[in-house]
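# Build me a structure from this.
(2 chains)
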Amino acid sequence: MANKASEPAAATGAPNTPSDFVRDIVIAHVAEKRYPRIHTRFPPEPNGYLHIGHAKSICLNFGIAREFGGVCNLRMDDTNPTKEDVEYVDSIIEDVKWLIRGWADDRLGLKPKGKFPVAQTVNGKNDFYLGPVTGASEVPLEPFYASDYFDQTYEYAVQLIKKGVAYVDDLSAEDTDKYRGAPDRPGQESPFRNRSIEENLDLFVRMKNGEFPDGARTLRAKIDMTSPNVWMRDPVLYRIRHAEHHHAGAKWVIYPMYDFAHCLSDYLEGITHSICTLEFEVHRPLYDWILEQLDLPRPLPHQYEFARLSLGYTVMSKRKLMQLVNENLVSGWDDPRMPTISGLRRRGVTPEALRDFAYNIGITKYNGITDVSVLEYCIREDLNRRALRRLAVLRPLKVVITNYPEGQVEELEAVNNPEDPGAGKRKVPFSRELYIEREDFMEAPPPKYFRLRPGGEVRLKYAYIIKCDEVIKDAAGQVVELRCTADLGSKTGGPTAARKVKGTVHWVSAAHAMDAEVRLYDRLFTVPVPDASGDFKQHLNPHSLEVVTAKCEPGLKDARPELRYQFERLGYFTLDQDSTPDRRVFNRTIALKDTWAKEARKSA
RNA sequence: UGUCCGGUGGUGUAAUGGUAGCACAAGAGUCUUUGGAGCUCUUUGUCAUGGUUCGAAUCCAUGCCGGACAGCCA
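The predicted model follows:
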C-alpha cells in the first residue's frame, strides 16, 4: 500500500484531500460565503472523444463539486456545427459517467430533456436561468448544451448592440485578420465600426434571417483595436454558418463564438467557478468584459486556469488523435493504445486508477510533461489489489513429465488473489503434458537466470518441482519439447515441498488448455514527445501491438468483461469486446514489473 | 523588440516569512511457490544576481529561461 489514500475525500474528513491553488480559491470563497453553492462545469466540445487530459479536468471539476457539496454540470460546448457530431456527444456522456460512477455521480448536474433557460426577474431585472437536476429523476435527463442558449445569446448580443458596444462588420475574414495587427503591433479600426445602432440592429436581424452568405458579415464587440491583448481587439461574437446543427437543428444560420457563448453559458447555469486550461488565460479579460457589459442581476462566474496534462510517449490533441483514427493507424477512438478514456477503458484501466492518477499529478499552472510511469504505477497498484490470478502461457513450449502417469489428472489448488484472501481458491488441472513459457527455458542461460535449463530444476507454481532431463529440437534446431521428471513429493504439503528452488514458473495442462487470442500492447510512440517537431506519425511504434495465441487454464472460459485478471508472472489482462463464446480475446492492460528484463538489459 | 503566465531532485508536486517534504523513476538490501506484491534503506533540488528581514523557495528589483496569445476553432 502506498502511504496515501488513493481517494480524496474531503467530505468524510479523510486525511488526503487533494490540495491545489484552485481548491484554495474555492476554500476562501466558501469561507466568506461568497456563493450559496459551489457550481462547476465540465464543458467539452463534441468534436472528438475524451482523453486522459479531459479526465484530469473531470476529476478536478467533479472533485470540487464533491468536496464542497456543490454540483458540476456536464455541458456540450457546441457552438460550431461544422465540426461537431452526436457520436461525440454520446461518447462524452458515456465516458464521463463511467469515470465518476460511485464517486461523484451524485454531483453530476444534468437537465430535463428539451428544457431551455427560463425567464425570471431578479432584483427587478430580467434574467434567464437553467438550473441542474442531480441524482435520480422521473423525467429523462440530458446534458446542458450551449446550443440550447442560442435564443438568450442572441438576446444578449442585441443588448450589446443597443448599448453601442457591438457592431456588424462587413470585413472579410482575410481583412479582419489584417486589421487585427499583431501581438507587438496595434490593430486598426474597421471602416464599419461606427455604424449607427439602428443599422447594426437591422443588419444583425438580417444576418439571423439568412440574408447573407457565410462569411459576409460578423458581429463584433467594440472594445479596443490597440489593446495589447489581441483578444480585446474587437473580437468576433457571431459568424454566419449556413449549416444544420446536430442539436439545435436548422433554426440558426448565425452561431456565437466560443468567447461569447462560454461566459454566458456559465452565467445562465449559475456556474461559480469556470475552470479551464491555461491557453484561455488571455481570454479572461474578454470573459469578464462581456459579462460586465450586460446588466446581469445574479453573481457573475469567474474563470480560473490550470495546466493541461501532457503525458510522455503519446499525443493528446483531438486533432492528432482524430488523424490516427482517420488514417487507420489505430483501430478507432477506443483502440486500447489510444490515450482516450474509451481506449483506456477497453484496455482494462479502471476509473479508480484514473482518478488516482489525476490525484497524484496535481493541479498547477506549470506546463510540464508527466512521466507515463506515474500512470502505469497507478494502473498496477489498482489492478494488483483487484485482479484474479490465473495461469496462462503466451508463447507455449511443451513439457512432458516422464515420470507422471499417462492419463492421470490432478486438480491442484491455486490462490485467486494473494492480496485478498476473500477472493478464495480454485482448482487447476495438472497432467503429464504441459506448456510453459518459452522464455522460461534457456539452453545456455546468462548468469542470474533462475528459470529452467538443461539439468536444472524449477518449481511449477502450485505443483511440483521438475528437472529438465532432455531437450528435443526440430530439424532447424528449434527447441520444441522438454522432457522432465517431477519430484513427486514436492507438491504443496508433500515431504519435499519445502525444498528451495530458485525459480517458480507458470504452466498450463496441455490437454485442458483453452486457446485465446491475446493482444499485447506497447506504447504508441517511440519518443517521449512525439509532436515536438515535424510529423508526429513518424514516431509511431511499429511494435505497439502484438497478437499471440495463448494457452490458458480452462477456468478462463468463464472470464467476464467487468473483471480484471492477472496472468501470473506476465501482467494484467481483461476480456475484450471482440470475444465470442468460441474465441476469447484478452487485452493486456499492462505488464507486471519485470526486474529480470532490466537485469538482462544491463548485462547486454 | 507587445501582453499574460510560469521556473523547487531525472519527472510531477508540497512547503503560503521559520527543519526543503511526498510520489514516480533510479539504486541497494530483505522477503517470497509470481524475478509480482510487501518491507527497509540510499542518491539527486529551490533559474541567477542583488535587496528587505533575526530568518527568504516564499516578499521586492533586475536579468535569464520556458509557455500561451495574432481562427469568422474551442
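# Go ahead and measure how far the helix or strand of chain A with the lowest mean pLDDT is from the middle of the chain.
Least confident helix or strand of chain A, by mean pLDDT, DSSP states H and E, is helix A:595-603 with a mean of 85. Using CA atoms, centre = their mean, to the nearest Å, the mean C-alpha position of helix A:595-603 is found 32 Å from that of the whole chain.
# and it with RNA strand B, contact?
Yes: for helix A:595-603, a contact with RNA strand B is found by CB under 7 Å from any atom of the strand, at A:Thr595, A:Trp596, A:Lys598, A:Glu599, A:Lys602. C-beta coordinates here come from the backbone N, C-alpha and C atoms, glycine included.
# do the same with stretch A:246-260
Yes: counting by CB under 7 Å from any atom of the strand, RNA strand B is contacted by stretch A:246-260 at A:Tyr255, A:Met257, A:Tyr258, A:Asp259.
# What sits closest to the third one if chain neighbours are left out?
Distance criterion CB to CB, 6 or more residues apart in numbering; nearest residue to A:Tyr258, sequence neighbours excluded, is A:Thr79 at 6.2 Å.
# how close does the closest residue to RNA strand B within chain A sit to A:Ser310?
Using CB to the nearest atom of the strand, the single residue of chain A nearest to RNA strand B is A:Gly368, 2.3 Å away. Relative to A:Ser310, A:Gly368 is positioned 7 Å away (CB to CB, to the nearest Å).
# who's more crowded, those two?
A:Ser310 (16 against 10; other CB atoms under 10 Å).
# wait, what's in contact with the more buried one?
Contacts for A:Ser310 (CB atoms under 8 Å, 6 or more residues apart in numbering) come out as A:Gly53, A:Met316, A:Asn367, A:Gly368, A:Ile369, A:Thr370.
# Compute the number of surrounding residues for the fifth one.
Looking back up the chat, that one is A:Ile369. By other CB under 10 Å, 12 other residues sit near A:Ile369.
# try the last one
Under the neighbour criterion other CB under 10 Å, A:Thr370 is assigned a count of 17.
# quick one, helices of the stretch 401-550 of chain A?
With helices called from DSSP state H, counting those that start in this stretch, the stretch 401-550 of chain A shows none.
# Up against RNA strand B, what does it have?
Counting by CB under 7 Å from any atom of the strand, the stretch 401-550 of chain A sits next to RNA strand B at A:417-419, A:448-451, A:459, A:461-463, A:490-492, A:497, A:500, A:503-506.
# Among those residues, which lie within strands?
Counting by DSSP state E, these place A:Arg459, A:Thr504, A:Val505 in strands.
# Scan these and report the most crowded one.
Going by other CB under 10 Å, A:Val505 tops those with 23 neighbours.
# and chain A, what are its domains?
Residue ranges for the domains of chain A, per automatic domain parsing: A:21-306, A:318-386+A:516-603, A:389-512.
# pLDDT averaged over the shortest one - what is it?
Yep, that's domain A:389-512 we're talking about. Averaged over domain A:389-512, pLDDT sits at 97.
# From the chain's centroid, how far away is that domain?
39 Å.
# Am I right that A:Thr218 is in contact with A:Pro235?
No: if you go by CB atoms under 8 Å, A:Thr218 and A:Pro235 don't touch, sitting 9.7 Å apart.
# can you map out the helices along chain A?
Under the criterion DSSP state H, helices of chain A are mapped to A:21-31, A:52-67, A:86-100, A:150-162, A:173-180, A:197-208, A:258-268, A:284-293, A:318-326, A:341-347, A:351-361, A:372-386, A:595-603.
# will you turn those helices into CSV that also has mean neighbour count?
What follows is the helices of chain A, written out as CSV (neighbours: other CB atoms under 10 Å):
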stretch, mean neighbour count
helix A:21-31, 15
helix A:52-67, 24
helix A:86-100, 19
helix A:150-162, 20
helix A:173-180, 14
helix A:197-208, 16
helix A:258-268, 25
helix A:284-293, 18
helix A:318-326, 16
helix A:341-347, 24
helix A:351-361, 22
helix A:372-386, 18
helix A:595-603, 10
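# Tell me which of those helices sits nearest to A:Ala392.
helix A:372-386 (15.4 Å; CB to CB).
# Which other helices and strands does the closest one contact?
With contacts taken as 3 or more CB pairs under 8 Å, 6 or more residues apart in numbering; DSSP states H and E, helix A:372-386 sits against helix A:351-361, strand A:571-575, strand A:584-591.
# Would you list the strands that the second one pairs with, along with their directions?
Yep, that's strand A:571-575 we're talking about. strand A:565-567 (antiparallel), strand A:584-591 (antiparallel) (DSSP bridges).
# I'd like to know how many residues surround the closest residue to A:Leu130 other than its chain neighbours.
Nearest residue to A:Leu130, sequence neighbours excluded (CB to CB, 6+ apart): A:Pro117, at 4.0 Å. Look at A:Pro117: counted by other CB under 10 Å, it has 20 neighbours.
# Help me confirm that A:Pro117 comes into contact with A:Phe128.
Yes: counting by CB under 8 Å, A:Phe128 is a contact partner of A:Pro117 at 4.1 Å.
# What is the distance between stretch A:280-294 and the centre of its chain?
For stretch A:280-294 - counting by CA atoms, centre = their mean - the centre lies 30 Å from the chain centre.
# re the thing from before, what do A:Pro117 and A:Phe128 both touch?
Counting by CB under 8 Å, 6+ apart, the shared contacts of A:Pro117 and A:Phe128 are A:Gln152, A:Leu268.
# residues from the stretch 251-400 of chain A in reach of RNA strand B?
A:255, A:257-259, A:261-262, A:278-283, A:307, A:360-371, A:373-374, A:376-377, A:380-381, A:384, A:389.
# surely the residue of chain A closest to RNA strand B meets A:Ala307?
Yes: between A:Gly368 and A:Ala307 there is a contact at 7.3 Å, judged by CB under 8 Å.
# shared neighbours, the two?
With CB under 8 Å, 6+ apart, A:Gly368 and A:Ala307 have no common neighbours.
# got the contacts of A:Ser310 as JSON lines, with pLDDT columns?
JSON lines is the format used below for the contacts of A:Ser310 (pLDDT from 0 to 100):
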{"residue": "A:Gly53", "pLDDT": "98"}
{"residue": "A:Met316", "pLDDT": "96"}
{"residue": "A:Asn367", "pLDDT": "94"}
{"residue": "A:Gly368", "pLDDT": "94"}
{"residue": "A:Ile369", "pLDDT": "96"}
{"residue": "A:Thr370", "pLDDT": "97"}
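# What ranges in chain A fall below the confidence cut-off?
A:1-16, A:604 (pLDDT under 70).
# switch to 80 and redo it
A:1-16, A:602-604 (pLDDT under 80).
# Quickly compare the strands paired with strand A:571-575 and say which is most buried.
strand A:565-567 (a mean of 24; mean count of other CB atoms under 10 Å).
# Any part of that strand near RNA strand B?
Yes: with CB under 7 Å from any atom of the strand as the criterion, RNA strand B is reached by strand A:565-567 at A:Gln566.
# show me the contacts for A:Thr492.
A:Leu412, A:Glu413, A:Tyr462.
# Tally up the residues packed near the second one, please.
Which is A:Glu413. 11.
# Any idea what it is bridged to?
Where A:Glu413 sits in a bridge, its partners, by DSSP bridges, are A:Lys427.
# separation between it and A:Asp440?
For A:Glu413, the distance to A:Asp440 - CB to CB - is 22 Å.
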